[in-house]
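Sequence first, then the predicted structure:
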Amino acid sequence: MYTWPHWLPLVVLTPLLGAALTPIVSLRTRHVAPWWALGMMTVTSVAAGMLILRVALEGPFSYLPGGWVRPYGIELRFDEFSASISVICLIGWLAVLYSFRYTEWLREVPKQRIPYYYALLLLNLGGMIGFVVTGDLFNLFVFLEILSLSGYALVAVSGEHIAEMAAFKYLLMGAISSLIVLFSVGILFGITGSLNMADVASRLGDTGSVAPAALALGMLTVGFMVKAALFPVHIWLPDAHSIAPSPISAVLSGLVVKLGILGMLRLYQIYYTSGIIDLFVLNQILVWLGAISIIMGAFFAVFQDDIKLMLAYSTISNIGYIVMGLGLFTNFSIIGGSVHVFNHAIIKATLFFAAGAMIYRTGYRTLSDLRGIGSSMPLTSIAISIGAISIVGIPPTAGFLCKWYIALGAFEANQPFFGFVLIFGALLIFVYYIRMVNAFYFQAPVRQEVVDATEAPASMLYPTLLLAALCLIMGVLGRIPLAFIEPAVQRLLTPLGG
Amino acid sequence: MKKALVAALLIIISIPMLIAVAAMPPHGDADSPVHTHVSARYIEHGEEEAGAENLVTGVLLNYRGLDTAGEVIVIFTALMAAFAVLITHPGRGEESGPTTAALDPEPGTEPESDSKAPPPISPVVSFMVRLLTPFTTLFAIYVILNGHVTPGGGFQGGAILGGMFIALTIVLGEDKVRTLLPRRAAPWMQGAAVFAFVAIGVIGAATTGYFLGYPTDASLHLVRELMMVVIEIGIGLGGAAIFATIFLQMEAE
């Protein structure tokens, strides 16, 4: 059953077609839209499950739309890195469920916007899935546009003035980075005459056009890093991620920024196989920028009172970990970085879901207002504490294994300094999450709403608890994604013919 | 000071970019990889393989059909974004469908539009636009249907159609033009391009085993052409509907 070839186009097209149908199914009443979106994500998740089963049993495989052989048509390629659609489907499905009550509650959002909110969410998720499974450079750009464009609109959807400004800032930086990506794809096409990633990788080495290839590499890196919000091109992230509706914050912070990282992994696959450029300089730059991101993101997070802004800065810090892992370019560090793409998505979604539930029930979003919420919303507070422990990287949670591997990578690469940066960053993170836990559990409430608050409705509480449980489970079963990613990293580190 | 810094930074960034671009294969060089690798096959076999006399259409709809499907979804995303950001009728029309606000202004909004009445239109302009409408429509249909033979196709024809729609809105006023996009049919037309692609793609998957696959047998030449024309019509209609709706939505703002 899992060998049915059409699962691959199905997993991309279901959310996208579902989005196009959303305004139609909700013509009569807008209350159909959330159920419709949930149904579409269910079908997508089933298809994703089949694909992951197949890649686990058979290894990477391709699908050729239109039947054109490589490199004449477009190739959809499913490999171990593509298995990250599992976490896209999981968090996407839960975010849709979480939105059921959350969007109804947002006072500023005109109710007629709600079906379009779900359509955009489906487009965003479909664009991400397409980005991850495509094996073609221009197709990659097309999906990047779908997911970026829907992302800008989702930030602005709440209609507050500050949200529109944040979305506009995001739009400006995102549009420029998209242009940079498109320009670089053009350069690669210009020197190789092909757009298929594998074909470009095999032809790039023979072209001898080192300077254009280096320019394309540099510009693609910049473009993807804007999407990933690495220092110093992170400035759009804090506002956009903190002001968006909470389920959207979870999707943007947990998933969308990771697409820049996955794009980077694709880039490494092309350039490292072709061997046209020594990646040492780029790696050194990435390691340093990653290290600065870790410290800077954590440092700013310490001083935030707004809980969602704090989480947004923490995302910058965690992107720093992942990029540092890639930049160290050792077996351990790349595995650690890639697995942190999965795990951070789960952890950050837990945190944003739990924070969203607190804001939903109390209307307050700063730590000083939310004091003492631990006794009125105990389950949500436990979930946010588990998320906090995971993101610091205390065993036995999901965050520990990745950071351990990245630190091992730093020592393996003989650059122990970065191992210490990592530990220092973890300590800073520890400080700000201790602040949060302290405010929730050990300080007296100052707001009547906090005292009166009850647990969030089931459609918000259970997704939060499920993700919190996953934070713990992934810590215990962390070997599974590690073992899964390992062959892909081995292939990445083995140049063509080597 | 800040401007000088920005200028200096731009110059510093542009120097390596210019050097790298100068090292690329010269423009128009027949031996450059662009002309010898993938596109060589398109030019040599494109007409019989892809089934379109216009090679660009062959690449757009057949060789790289999935990209074009993605592009129409990008356009559709722009429409969804416009709706999600621009609809402002807080608290009104609670239980009615979503497109009510977008396409069918409720009676309550009438006084608002009166207060910002459009400036008077010159009778000459009005007459010319109305006179040209049938011809423009005919030309748009020609461009859409002829896309696989001559330059043109759904995107271009749709733009013409959408532009005509916008001109009509300015001349005749919003209400008359809205009757062209009835509330029930509007979302079908806005998504027409996506639906056409998926429908043809699924037919292709059922018959050839590949999504967006076209029959390659010479005797089925007409079927293949028909499938392409369906997609072109879908792109044309969908594009025009989306242009028009975004315009109306922004005007309502």
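Received it, and whenever you're ready, just let me know what you need. Everything numeric here is computed off the predicted structure, so don't read it as measured data. Residues are numbered from 1 along each chain as shown, chains lettered A, B, ... in the order given.

Flag the shaky bits of chain A, pLDDT-wise.
Low-confidence segments of chain A, defined by pLDDT under 70, span residues A:108, A:494-498.

For it, just list every one of the strands.
All strands of chain A, identified by DSSP state E, fall at A:61-63, A:76-78.

Switch these over to JSON lines; also include mean neighbour count.
C-betas here are computed from N, CA, C, even on glycine. Formatted as JSON lines, these follow (neighbours: other CB atoms under 10 Å in any protein chain shown):
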{"stretch": "strand A:61-63", "mean neighbour count": "18"}
{"stretch": "strand A:76-78", "mean neighbour count": "23"}
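
In the stretch 251-400 of chain A, which residue sits nearest chain B?
Of the stretch 251-400 of chain A, the residue with the smallest distance to chain B, taken as CB to the nearest CB, is A:Ile277 at 11.9 Å.

so which of the strands of chain A comes closest to A:Gly327?
Set against A:Gly327 and scored by CB to CB, the strands of chain A come closest in strand A:76-78, at 24.6 Å.

Check which helices and strands that closest one sits against.
The elements that strand A:76-78 packs onto, with contact taken as 3 or more CB pairs under 8 Å, 6 or more residues apart in numbering or on different chains; DSSP states H and E, are helix A:7-25, helix A:32-58, strand A:61-63, helix A:114-133.

Average pLDDT for stretch B:161-169, rounded please.
Here the mean pLDDT over stretch B:161-169 is 91, rounded to a whole number.

can you count the residues close to B:Thr179?
Look at B:Thr179: counted by other CB atoms under 10 Å in any protein chain shown, it has 7 neighbours.

ok, now A:Pro395?
Under the neighbour criterion other CB under 10 Å, A:Pro395 is assigned a count of 12.

just to revisit the earlier point, from the helices and strands packed on strand A:76-78, which stretch is densest packed?
With neighbours taken as mean count of other CB atoms under 10 Å in any protein chain shown, the helices and strands packed on strand A:76-78 reach their highest mean count in helix A:114-133, at a mean of 29.

pLDDT score assigned to B:Ala78?
According to the model's per-residue confidence, B:Ala78 sits at a pLDDT of 94.

Check chain B for its longest helix and report it.
Ordering each helix of chain B by length in residues (DSSP state H) puts helix B:221-252 first.

coming back round to it: will you turn the helices and strands packed on strand A:76-78 into TSV that also has distance to A:Phe231?
Listed next are the helices and strands packed on strand A:76-78 as TSV, based on distance: least, CB to CB, whole Å:
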stretch	distance to A:Phe231
helix A:7-25	32
helix A:32-58	32
strand A:61-63	36
helix A:114-133	23
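
hey, where'd the helices end up in the stretch 101-250 of chain B?
If DSSP state H, counting those that start in this stretch is used as the criterion, the helices of the stretch 101-250 of chain B fall at B:110-115, B:123-145, B:154-172, B:174-178, B:186-190, B:192-208, B:221-252.

Now the fourth one: buried residues?
Meaning helix B:174-178. Of all the residues in helix B:174-178, those buried under the rule 16 or more other CB atoms under 10 Å in any protein chain shown are B:177-178.

Then the longest one?
Taking 16+ other CB under 10 Å as the basis for neighbour counts, the residues of helix B:221-252 that come out buried are B:224-225, B:227-229, B:231-249, B:252.

In JSON lines, list the strands of chain A along with distance to B:Ala8.
Supplementary listing: the strands of chain A in JSON lines, determined by distance: least, CB to CB, whole Å:
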{"stretch": "strand A:61-63", "distance to B:Ala8": "47"}
{"stretch": "strand A:76-78", "distance to B:Ala8": "43"}
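
What parts of the stretch 151-300 of chain A come near chain B?
By the criterion of CB under 8 Å from any CB of the partner chain, the positions of the stretch 151-300 of chain A lying close to chain B are A:152-154, A:156-157, A:159, A:164, A:167, A:187, A:189-195, A:203, A:207, A:209-212, A:214-215.

So among the residues you listed, which ones count as buried?
When burial is judged by neighbour count using 16+ other CB under 10 Å, the buried members of these are A:152-154, A:156-157, A:159, A:164, A:167, A:187, A:189-195, A:203, A:207, A:209, A:211-212, A:214-215.

How far off centre is stretch A:408-425?
A distance of 24 Å separates the C-alpha centroid of stretch A:408-425 from that of its chain, computed with CA atoms, centre = their mean, to the nearest Å.

Excluding residues flanking it in the chain, which one is nearest B:Val177?
When the adjacent residues along the chain are set aside, B:Val177 lies closest to B:Thr169, with 4.6 Å between them (CB to CB, 6 or more residues apart in numbering or on different chains).
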